[in-house]
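In: next one to model:
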Amino acid sequence: MKGYVMDAFSRRIFGGNQAGVVIPDRELSPEVMQQIAAELKHSETAFVSPQPDGTVSLRYFTPAGEVELCGHATVASFALLRRLGYISDGSLTAHTKAGDLRIDVEGEKVWMDMAPPELIRVMDDAQSAELYAAYGLTLNDRPESYVPKLISTGLADIMLPVRDHETLMRAVQNAPAVTELSRRYDCVGVHMFCPGSPDCTAYCSNFAPLYDIPEECATGTSNGALTYYLYLQGVVTPGGENLFVQGEHMHRPSEIRSRLYLTDGKPTVRVGGSAVMSLEFDLKI
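Out: Below you'll find the predicted structure:
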């Protein structure tokens, strides 16, 4: 069967966040999918199965285990399906372990629904100090009126605000400490961000050492959660388009876009971006 590597949240090859994508020609066991993901060594590999009714089923594996949802791998998968002629522009349904999601394909851009946003926990000062210390920072590096929060739009991440871009870039992760904190709070990892500029909503770095991902250069679900965080802060307004720049630490800057809507007073979040193919290969199983 064929396998692919897609560069998600980028319009050029070797930019953005790479995801493996496999379109199986037969049913694969979870053990085999896990082995393939470990062999490819990308942060996530998606296994994509177009269905007779026009929907698409997806499962996602990191090198260490299965996760319910991955934003950049979803964008990568639907960009690949369009490139290969499996789908056309329009609205489709993606079946994931995090639930069914609406996907809109608009030319080179893929937009995906996030799961309903959920504020799980607001960190107190003691918890916040421990989080900042795991990156060589202190509470003095926290922006005024911002606090760390655990938020999910399909996957739970700790939103960790820092005061400026210089602080974001000098943060150094203590991976064992962040792994233990991720287990304690039952989350994927930490999404660190600072306020942006007139052309950029926020600059971000994402860390998930619990899943063998020291840092990730583009994360759709995390920026979906950040969109909701910034909506609660009054920074994001419903209906507008937001831009997040992520991955500068890794020299692979990515552009992730989001939109927040209010439906009957309830917020919904969409994340979008482009993806290009960087590798196609034969998978002998």
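In: show me where the stretch 1-150 of the chain has its helices.
Out: 30-40, 71-84, 125-133 (DSSP state H, counting those that start in this stretch).
In: just so I know, which of those helices lies nearest Val5?
Out: When the helices of the stretch 1-150 of the chain are compared by CB to CB, helix 30-40 sits nearest Val5, at 7.5 Å. Just so you know, the C-beta spots here come from the backbone N, C-alpha and C atoms, and that holds for glycine as well.
In: quick one on the thing from earlier: return the most buried member of the helices of the stretch 1-150 of the chain.
Out: helix 71-84 (a mean of 26; mean count of other CB atoms under 10 Å).
In: per-residue confidence at the closest residue in space to Gly189 that isn't next to it in sequence?
Out: Among residues not flanking Gly189 along the chain, Ala208 sits closest, at 3.3 Å (CB to CB, 6 or more residues apart in numbering). Note on Ala208: pLDDT of 94.
In: Gly107 now?
Out: Gly107 is given a pLDDT of 87.
In: for Gly224, see how far away it is.
Out: 21 Å (CB to CB, to the nearest Å).
In: the two - which one has more neighbours?
Out: Higher neighbour count among Gly107 and Gly224: Gly224, with 31 against 8, using other CB atoms under 10 Å.
In: pull the contacting residues for the more buried one.
Out: By CB atoms under 8 Å, 6 or more residues apart in numbering, the contact set of Gly224 is 71, 114, 117, 153-154, 258, 269-271.
In: quick one: these as JSON lines, columns for distance to Asp199 and pLDDT too.
Out: Rendered in JSON lines, the data for the contacts of Gly224 read as follows (distance: CB to CB, whole Å; pLDDT from 0 to 100):
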{"residue": "Gly71", "distance to Asp199": "22", "pLDDT": "86"}
{"residue": "Met114", "distance to Asp199": "23", "pLDDT": "88"}
{"residue": "Pro117", "distance to Asp199": "25", "pLDDT": "96"}
{"residue": "Thr153", "distance to Asp199": "24", "pLDDT": "92"}
{"residue": "Gly154", "distance to Asp199": "27", "pLDDT": "86"}
{"residue": "Ser258", "distance to Asp199": "15", "pLDDT": "96"}
{"residue": "Val269", "distance to Asp199": "21", "pLDDT": "96"}
{"residue": "Arg270", "distance to Asp199": "20", "pLDDT": "94"}
{"residue": "Val271", "distance to Asp199": "19", "pLDDT": "94"}
